[in-house]
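Chemist: My questions are about this predicted structure, shown below with the sequence.
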Amino acid sequence: MTIDQSKRDLRRDQKALRLSRPVSAEDVRRLTRGIFEAVANATDAVCIACVWPLPGEPDLRPLLYNLHEAGRRVVLPETTPRGQALAFRRWTPGCPMVPGRFDTAHPDGPIDTPDVVLVPLLAFDRSLNRLGYGGGYYDRTLAVLDCPAIGFAWSWQEVKTVPVDAFDMPLSAIVTERETITPPKQKGDLW
C-alpha cells in the first residue's frame, strides 16, 4: 500500500470516528485550558493563529476570547487557492466573518503573521506527526513560517504511526484534553 493510500484510509476512518464520538463540556474546557497554557509558555508569542471550527473539530472560540482578553493578537486562516500557504487575518470579538473555501470562515480583517500556529488534525502520533485533511495547506504554511506549531486534538485521535512523506511538517507539540505531548528530551537539554 502506498503512503497516499494509507493516508486516505486513515483520513476516512478518523473522520468517521471524530463525527461519531461525543465530547463533554469538561473535555472542551480541559483542551482549551491546555492550549492556553501551551501558548502562554511561548512567551514571545504575541500573534496567535487559531481556527474557526469545522464540523467535528474542537470548538476553540472561547480560547479566541481568552487570548484576546490576555492581550494577544488573534488571527484566523483564510483558505487560499490550492497550492498556496494560508493567509492569516486578524480577528477581534464581534468582527464580521466571511465565508471561505471548503466551508471555512475567516475574519474580514487585515493580514498578519503569527508567532504561533494552532493546527487542527484528524490523527496524530507520539512523534508529533499529524494527519490533516489532505490539502497540504498547513504543511505549506509551516514550511514558510518560522514559528512553533501546536496541534490540538482529542486523545482518542492518537494512532500508533501517522504515514508521512517528505512534505509533511512535524508539530512542535500536541495538546489534548489529557496532556501536552512535546518532543523527547535530547542529550544536553537543560530541563
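Modeler: Yep, it's here. Residues are numbered from 1 along each chain as shown.
Chemist: Can you pull the poorly scored residue ranges out of this protein?
Modeler: In the predicted model, the chain carries pLDDT under 70 at residues 43, 185-191.
Chemist: Enumerate every residue touching the most centrally placed residue in the chain.
Modeler: Nearest to the geometric centre of the chain sits residue 119, at 1.3 Å (CA atoms, centre = their mean). Counting by CB atoms under 8 Å, 6 or more residues apart in numbering, residue 119 touches 130, 132, 138, 142, 149, 150, 151, 152, 171. Every residue, glycine included, has its C-beta placed from N, CA and C.
Chemist: wait, what's in contact with the second one?
Modeler: By CB under 8 Å, 6+ apart, the contact list for residue 132 reads 119, 120, 121, 122, 138, 139.
Chemist: redo that, cut-off 10 Å
Modeler: By CB atoms under 10 Å, 6 or more residues apart in numbering, the residues touching residue 132 are 7, 11, 119-123, 138-139, 151, 162, 168-169.
Chemist: The fifth one too?
Modeler: Going by CB under 10 Å, 6+ apart, residue 149 touches 49, 114, 116-119, 128, 130, 138-139, 141-142, 169-174.
Chemist: and the gap between it and residue 19?
Modeler: Separation of residue 149 from residue 19 (CB to CB, to the nearest Å): 25 Å.
Chemist: ditto for residue 165
Modeler: Residue 165 sits 26 Å away from residue 19, going by CB to CB.
Chemist: Surely residue 48 is in contact with residue 74?
Modeler: Yes. Using CB atoms under 10 Å, residue 48 is in contact with residue 74, at 5.7 Å.
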